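**Q** Give the three-dimensional model of this entry:
(one chain, ligands or ions: 1)
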Amino acid sequence: MGAKPIGKWNFHERQKNGKGVISTWVEKSNFSPKSEARMDRAIDQLRQLPKTSWHKPHPASGIGDHIFVIRFTDVTNAQKRIFGHFNDSHECFVMTLDGYEKDDVYVPSNYKALALEHRGECEKDFFVNTRKYGNLCPLCEEQRNSSVARH
Ligand SMILES: [Zn+2]
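**A** Residues are numbered from 1 along each chain as shown. Next comes the predicted model:
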């Protein structure tokens, strides 16, 4: 088949006004180290999994239209959610929207419309409207290093 190895996703986040929306959310949420570790662990698990395994019992689910939601629980037992989509050419998952789930209902309630809208923006201008999440994109690191070397 010659298919590329699957898994090992890079992670990006949507960027707005020069800031990563998920990083900003994490900062503002003032998660305890333990809560943040839970989020990191969910992402770390998902990085290794092919798209077809992004469902329970793993910490993500497809919610239709190729939009996915990442799940983790903070130390107060709040059900945190991160919505996003895959960008295959950059081998990454782009996290675009934070939310939560309470009594089996997602908040914000228009999560799907928002996630689709964000995907449109991100796909239109990937390197303007998204950025690498933390150190989770070796592809971006390589590009940065090679452009630094050129100057
Ligand atoms: Zn990248």
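
**Q** can we go C-alpha only for contacts and neighbour counts from here?
**A** OK.

**Q** ok, now which ones touch I63?
**A** Counting by Cα atoms under 8 Å, 6 or more residues apart in numbering, I63 makes contact with V69.

**Q** Please tell me how far it sits from S146.
**A** Counting by Cα to Cα, to the nearest Å, the gap from I63 to S146 is 38 Å.

**Q** Can you get me a residue count around the residue in the chain that the ion sits nearest to?
**A** Closest to the ion within the chain is C140: 4.0 Å, counting by Cα to the ion. Other residues within reach of C140, judged by other Cα atoms under 10 Å, total 17.

**Q** and the spatially most central residue of the chain, what helix or strand is that in?
**A** Geometric centre of the chain, nearest residue: M95, 2.7 Å, by Cα atoms, centre = their mean. Per DSSP states H and E, M95 falls inside strand 92-102.

**Q** Report whether that strand contacts the ion.
**A** No. Against the ion, strand 92-102 shows no contacts by Cα under 5 Å from the ion, the least distance being 7.1 Å.

**Q** Counting neighbours, show which residues of the next helix-or-strand element following that strand come out buried.
**A** The C-terminal neighbour of strand 92-102 among helices and strands, as given by DSSP H and E, is strand 105-107. Residues of strand 105-107 classed as buried: Y106 (neighbour count, 16 or more other Cα atoms under 10 Å).

**Q** Fine by me, thanks again.
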